[in-house]
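Trainee: I'd like to go over a predicted model; first the sequence, then the structure.
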Amino acid sequence: GAGGQHVNKTESKVDMRVDLNQVTLPEGAMERLVFANASRINKNNELVVTADGDRSRHRNYQAAVDKLAEIFEESLIEPKERDMNSKTKEKFDEKRLIEKKQVGTRKMTRSRKIDY
């Protein structure tokens, strides 16, 4: 694979930790961050990001920084409010039933009815 034996001989893995107690985020962003990355948060309330995909420690460091930046950026995006009172479900059901009826009539025309 990539790196060959070189991968086994070098310490190029980067393990980055961010203490979430020291991080200040807008309201709601911290909850989204913790919810979305629960498996990356340890008992010390540290967000742990690792990168070991490259042979170079420098490139792995940059990959870990990019991954951290992406995690924080995603936590800042507020989810859209969904209008559950809209009539989209009714329209969807109506369309589905019409299509179901059409498929049924199509299958009915395929069957041979032999009268003796």
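Mentor: Looks like it arrived, so ask away. Residues are numbered from 1 along each chain as shown.

Trainee: from residue 93, how far off is residue 100?
Mentor: Shown here: residue 100 relative to residue 93, a distance of 10 Å by C-beta to C-beta, to the nearest Å. C-beta here means a position set from N, CA and C on the backbone, and glycine is covered the same way.

Trainee: what's the answer for residue 104, then?
Mentor: 16 Å.

Trainee: contacting residues for the spatially most central residue of the chain?
Mentor: Nearest to the geometric centre of the chain sits residue 36, at 8.5 Å (C-alpha atoms, centre = their mean). Residue 36 makes contacts with 71, 74-75, as judged by C-beta atoms under 8 Å, 6 or more residues apart in numbering.

Trainee: of these, buried ones?
Mentor: The neighbour count (16 or more other C-beta atoms under 10 Å) marks 71, 75 as buried among the contacts of residue 36.

Trainee: go through the contacts of residue 36 and name the one nearest residue 112.
Mentor: residue 74 (58.0 Å; C-beta to C-beta).

Trainee: what is the three-state secondary structure of the closest one?
Mentor: helix (DSSP: H, G, I helix; E, B strand; the rest coil).

Trainee: could you find the closest non-adjacent residue to it?
Mentor: residue 36 (6.8 Å; C-beta to C-beta, 6 or more residues apart in numbering).

Trainee: that's all I had, so thanks and see you.
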